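Trainee: Structure, please.
(chains A and B)
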2 protein chains.
Amino acid sequence: MSILVVGSVAFDSLETPSGKRERVLGGAATHFALAASFFTDVRVVGVVGEDFLPEHEAVLTAKGVDTTGIERAPGLSFHWTGSYLKDLNAADTLATDLNVFAAFEPKIPAGYLDSEFLFLANIDPVLQLQVRKQMPKVKMVAGDTMNYWIAAHRENLLKVLAELDVLLINDGEARMLTGETNGLKAALGVLALGPKSLVVKHGEYGSTLYSGGKILRAPTLPLHEVFDPTGAGDSFAGGFYGYIASQTAVTPDVLRTAMFYGSVMGSFACEAFGTERLQRTTRAEIEERLAELKAISHL
Amino acid sequence: MSILVVGSVAFDSLETPSGKRERVLGGAATHFALAASFFTDVRVVGVVGEDFLPEHEAVLTAKGVDTTGIERAPGLSFHWTGSYLKDLNAADTLATDLNVFAAFEPKIPAGYLDSEFLFLANIDPVLQLQVRKQMPKVKMVAGDTMNYWIAAHRENLLKVLAELDVLLINDGEARMLTGETNGLKAALGVLALGPKSLVVKHGEYGSTLYSGGKILRAPTLPLHEVFDPTGAGDSFAGGFYGYIASQTAVTPDVLRTAMFYGSVMGSFACEAFGTERLQRTTRAEIEERLAELKAISHL
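Mentor: Reported below is the predicted structural model:
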């Protein structure tokens, strides 16, 4: 079935202990769409500027991603500059140039209206809600957010949380949302705010699913080198949600297996700068890593 | 089979977000012995002062722990004062009063010489080596260390590492030992220093076993409240090693299952101050938690 993702399609300038790159293709919707494309049809809603060239679009279309909903606007695309030199688990934002993204008003192409699954990537909760309202018949809604919206746009964010079947955030965001330092209390506190299920990501240490009163800890693959963690969370979300959308029903077992696929896709994202590694990933590699993840976590 | 543990038997004064306690029974050997006592016979070598009363010894003997090797010396027992108010994952040491521990010279009682398993808890590597040499016929040697010995007594520590079948340390210690920030590279670097297998503990996020070229990620149980993490690592080691010593052979599967028992015993340690929770743990509870750990980590 089809996933509609709304979020940023952007360029990233990055430095990590493994090197430096200028203006590589990035953005939450890009990473999510590429990761999910291995499992199901993906449609993107976003906005780009004149610097978004056919070669950038081809990265998505080569994987069958529908880019009809990527609007072109005069000016430059969203550009994020960040550094991981201090800590590979936490980006240090050096510059955020919103550019065409500042005036973004998501428009859903008519051909997208039959999408069964909606993913609200990390954007202004007002826009997330606007998209949600334009897709009243979707089967499932999942979403992401970040510290900025939690701190400064809480009221709007709470309206989004109430709409979500699954919220995917990291430890720091769960603690910030609830004021709880204990991981379990923070998770239960987040669930009390609305989402039916919650995925909390612990960076290199794995992730935890809280759903239907049950918990699943998903491991991460140990990687010899983390070249660039940008987009790892979005790739996790893409693998997680892509797998769910590829199944005939959203059962507890499907959600649990989806956690492992999320971890697999997050591992690829880290192995090169930008979207390089996801571009050359194969379905066979994905299944190999799933088997490896089971082998390193099951008795 | 029997485990001989050498390490501190001490008193701890603690403050955590859950409260404050003065001079509760603690020490690495105490936590280790209590946790391991659920699986096998345990013998302790350590030193205490005149403040170590029959009621303290009874905590150990009630679980069948052999305390013949706990030497009495004039003066006070080792006393550690620490705070977890800033971070439950990292103790802030406020005072370390070595007292009788300053002149500790481990003596192995004759009745301990047939112990098949040796655990060198976190003490001066010179003493760890001294004990190792007095037990030439043990079947297996495991041990722990800490940042202080890594930084200031590296030469001596390296001699201990060469003797170990299993080293149990935390992330920070693995990185400090090798200078590697990548978790996998740090682990491989530690293994190159001598230990045949390595357990790296990630605090609330679980632990990883590196053994025979294979990896196992063990999860932690989500806890509603971490009252006091002191001794959680030693309790992990006690559960891990106690289970190994209870088995007929040390196979890869035994090591993997031992990781889960380690995590179970570490979870109990956190649920009350000092040794309170381990004292009232039952074998049935241990098996329940093992089943729970599998349920939250296996697809």
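Trainee: Show me what counts as buried in the helix of greatest length in chain A.
Mentor: Longest helix in chain A, counting residues (DSSP state H): helix A:252-270. Buried residues in helix A:252-270, counted by 16 or more other CB atoms under 10 Å in any protein chain shown: A:255-270. Heads up, the C-betas are built off the backbone N, CA and C, glycines and all.
Trainee: Any idea how far that helix is from the middle of the chain?
Mentor: Helix A:252-270 sits 12 Å away from the centroid of its parent chain (CA atoms, centre = their mean, to the nearest Å).
Trainee: Check which helices and strands it sits against.
Mentor: helix A:28-36, strand A:197-201, strand A:207-211, strand A:214-218, helix A:232-246, helix A:276-279, helix A:283-295 (3 or more CB pairs under 8 Å, 6 or more residues apart in numbering or on different chains; DSSP states H and E).
Trainee: wait, residue A:73 sits on residue A:47?
Mentor: Yes - taking CB atoms under 8 Å as the definition, residue A:73 is a contact partner of residue A:47 at 5.5 Å.
Trainee: Between the two, which contacts overlap?
Mentor: Residues touching both residue A:73 and residue A:47 (CB atoms under 8 Å, 6 or more residues apart in numbering or on different chains): residue A:100.
Trainee: Looking at the two now, which is surrounded by more residues?
Mentor: Set residue A:73 next to residue A:47 and count neighbours by other CB atoms under 10 Å in any protein chain shown: residue A:47 wins out with 25 against 17.
Trainee: one step back: got the angle between the longest helix of chain A and helix A:232-246?
Mentor: 140 degrees (axes from the mean of the first three to the mean of the last three CA atoms, to 10 degrees).
Trainee: pLDDT averaged over helix A:252-270 - what is it?
Mentor: Averaged over helix A:252-270, pLDDT sits at 98.
Trainee: In space, what's closest to the residue most central in space within chain A - neighbours in sequence excluded?
Mentor: In chain A, the residue lying closest to the centroid (CA atoms, centre = their mean) is residue A:234, at 2.4 Å. What sits nearest to residue A:234 in space, not counting adjacent residues and going by CB to CB, 6 or more residues apart in numbering or on different chains, is residue A:31, at 3.7 Å.
Trainee: what about the one you found, distance to residue A:94?
Mentor: Distance, residue A:31 to residue A:94, by CB to CB, to the nearest Å: 20 Å.
Trainee: okay, these two: which has more neighbours?
Mentor: Between residue A:31 and residue A:94, residue A:31 has the larger neighbour count (other CB under 10 Å), namely 31 against 12.
Trainee: pLDDT score assigned to that one?
Mentor: For residue A:31, pLDDT reads 98.
Trainee: tell me the contacts of it?
Mentor: Applying CB under 8 Å, 6+ apart, the residues contacting residue A:31 are A:230, A:231, A:234, A:235, A:238, A:269, A:275, A:278.
Trainee: repeat that with 10 Å
Mentor: A:5, A:7-9, A:25, A:121, A:230-238, A:265-266, A:269, A:274-275, A:278 (CB atoms under 10 Å, 6 or more residues apart in numbering or on different chains).
Trainee: now those residues: which count as buried?
Mentor: Using 16+ other CB under 10 Å as the burial test, the contacts of residue A:31 include A:5, A:7-9, A:25, A:121, A:230-238, A:265-266, A:269, A:274-275, A:278 as buried.
Trainee: can you give me the helices for the stretch 1-150 of chain A?
Mentor: A:28-36, A:54-61, A:125-134, A:147-152 (DSSP state H, counting those that start in this stretch).
Trainee: would you turn these into JSON lines with distance to residue A:294?
Mentor: Shown next, in JSON lines, are those (distance: least, CB to CB, whole Å):
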{"stretch": "helix A:28-36", "distance to residue A:294": "19"}
{"stretch": "helix A:54-61", "distance to residue A:294": "30"}
{"stretch": "helix A:125-134", "distance to residue A:294": "34"}
{"stretch": "helix A:147-152", "distance to residue A:294": "33"}
